[in-house]
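> sequence-free structure coming up:
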């Protein structure tokens with residue numbers, strides 16, 4: 001018999017439940033006449049771009065944020081000896097293409113945190129003085145939810161003529177997209193889309209090196225300003241429609257982030273009262289995400305919560321370098337709330353967490 005979910009606390013992994021407009025949009029595409037697919041796709045593409053505040057020509061829908069990161073990094077104009085600066089809290093989706101660049105002769109440098117701050121701006125500035133092709137950081141850390149000082153990072157990078165990339169997987173939908181040269185978006189988190197959709201945003205000032213399939217043989221290897229569908233692969237049409245509907249839904253809730261942080265606060269209070277270690281900055285400086293360790297195996301704690309219908313993320317959250325930075329090699333229990341959770345679920349989670357801890 002399937003477990004009854006009493007409190008879903010893994011919105012940083014995947015938002016759930018989805019709002020009804022998302023379900024309706026997905027059903028409409030699945031049941032639509034194939035003659036309408038192309039026009040509907042373009043309509044939803046325009047709607048997603050508009051909701052994210054970027055021109056549609058600069059936004060490429062992708063099968064997910066991981067594929068967007070891989071394309072965005074790989075198609076920059078890299079040369080052997082270039083330097084890539086990243087934070088010490090990056091998701092594997094950014095770290096993996098960075099490691100592939102290292103095999104091509106690119107030096108990858110991790111910028112450490114500064115106390116509770118997820119990134120040391122003084123170290124970043126010092127590294128930029130040595131030169132960098134690109135600075136690539138998350139808007140919010142996947143494990144702790146900590147908001148990185150993106151505005152300051154962008155200003156420093158631009159003052160040293162470095163390209164900027166921001167992974168907005170955790171923040172898109174909740175917060176406006178940062179004004180970086182390249183931005184990547186996950187659809188299934190804040191935008192409340194189904195799995196299988198994301199986006200790559202490339203501003204016009206970035207000269208990408210993209211061997212696009214739509215070019216003629218005479219155009220050479222660098223004929224496109226940004227990757228195309230031929231590079232990203234097939235996009236889930238239904239999920240794109242769901243992303244457009246989800247962004248419209250959450251966009252109408254201007255207080256969603258504040259309310260989610262308020263809902264998370266009593267859970268954090270219970271965890272602290274029971275002696276759990278909370279990783280990351282204060283609540284106002286992070287997404288509605290709580291990363292806990294207790295000295296007990298995280299898998300055991302996650303299973304104990306799941307047995308009472310509380311869904312969390314227990315493990316490494318696909319962010320091994322973040323756990324290396326935190327000193328949590330076995331991972332953490334990550335608790336994260338979305339705008340659909342109600343007070344009864346929060347009360348149940350608090351009661352269960354108190355018993356389990």
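Great, that's in hand. Small disclaimer: the values here were computed from a predicted structure and weren't measured.

> CA only for contacts and neighbour counts going forward, please
Will do.

> Tell me what residue 336 is bridged to.
According to DSSP bridges, residue 10, residue 289 are recorded as the beta-bridge partners of residue 336.

> which residues touch it?
Under the criterion of Cα atoms under 8 Å, 6 or more residues apart in numbering, the contact list for residue 336 reads 9, 10, 11, 12, 264, 288, 289, 290, 312.

> Surely residue 245 is within a helix?
Yes: read with DSSP: H, G, I helix; E, B strand; the rest coil, residue 245 is one of the residues of a helix.

> how near is it to residue 258?
Applying Cα to Cα, to the nearest Å, the value for residue 245 to residue 258 is 22 Å.

> So residue 137, which state does it fall into?
Residue 137 carries the three-state label strand when classified by three-state DSSP.

> Dig out what it forms beta bridges with.
Counting by DSSP bridges, residue 137 forms beta bridges with residue 166.

> and it, what does it touch?
Under the contact definition (Cα under 8 Å, 6+ apart), the residues listed for residue 137 are 86, 87, 90, 148, 150, 165, 166, 167.

> Which elements pack onto the helix or strand of the chain with the lowest mean pLDDT?
Considering only helices and strands, the least confidently modelled element of the chain by mean pLDDT, DSSP states H and E is helix 229-232, at a mean of 87. Based on contacts counted as 3 or more Cα pairs under 8 Å, 6 or more residues apart in numbering; DSSP states H and E, the elements that helix 229-232 packs against are strand 59-62, helix 65-74.

> Now list the buried members of the contacts of residue 137.
Restricting the contacts of residue 137 to buried positions leaves 86, 87, 90, 148, 150, 165, 166, 167, with burial counted as 16 or more other Cα atoms under 10 Å.

> So what does the second one look like in phi/psi?
Main-chain torsions, residue 87, degrees, to the nearest 10: phi -80, psi 170.

> Name the residues linked to it by a beta bridge.
For residue 87, the beta-bridge partners under DSSP bridges are residue 111.

> Can you tell me the SS state at residue 183?
Residue 183 is classified as strand under three-state DSSP.

> and it, how many neighbours?
The burial metric for residue 183, expressed as a neighbour count using other Cα atoms under 10 Å, is 29.

> again with residue 107
For residue 107, the neighbour count with other Cα under 10 Å is 18.

> What separation do you get for it and residue 337?
Distance of residue 107 to residue 337, given as Cα to Cα: 37 Å.

> rewinding a little: mind checking how far the least confident helix or strand of the chain is from the chain centre?
Here the centre of helix 229-232 is set off from its chain's centre by 21 Å, with Cα atoms, centre = their mean, to the nearest Å.

> same question, stretch 318-336
16 Å.

> buried set for the least confident helix or strand of the chain?
Residues residue 232 are the ones in helix 229-232 that count as buried (16+ other Cα under 10 Å).

> ok, the residue nearest to residue 17 when sequence neighbours are not counted to residue 190 distance?
Excluding the flanking residues, the one nearest residue 17 by Cα to Cα, 6 or more residues apart in numbering is residue 340, at 6.8 Å. For residue 340, the distance to residue 190 under the criterion Cα to Cα works out to 11 Å.

> Between these two, which has more neighbouring residues?
A count of neighbours by other Cα under 10 Å puts residue 190 above the other of residue 340 and residue 190, at 27 against 14.

> Go ahead and confirm that one touches residue 15.
Yes: because the distance of 6.8 Å satisfies Cα atoms under 8 Å, residue 190 is recorded as touching residue 15.

> residues touching residue 251, list them.
For residue 251, the contacting residues are 51, 173, taking Cα under 8 Å, 6+ apart as the criterion.

> Which pLDDT value goes with it?
The pLDDT attached to residue 251 in the predicted structure is 97.

> now it: how far from residue 33?
Between residue 251 and residue 33 the distance is 29 Å, computed by Cα to Cα.

> can you point me to the longest helix in the protein?
Across the chain, the helix with the greatest residue count (assigned by DSSP state H) is helix 256-273.

> Toward the C-terminus from it, list the very next helix or strand.
Reading on from helix 256-273 to the C-terminus, the next helix or strand found by DSSP states H and E is strand 277-279.

> Contacts for that following strand next, please.
Outside strand 277-279, the residues that reach it (Cα under 8 Å, 6+ apart) are 144, 271, 272, 290, 291, 292, 293, 294, 326.

> repeat for stretch 44-60
Residues lying outside stretch 44-60 but in contact with it, judged by Cα under 8 Å, 6+ apart, are 61, 172-173, 176-177, 199-204, 227-229, 240-241, 243-244, 247-248, 251.
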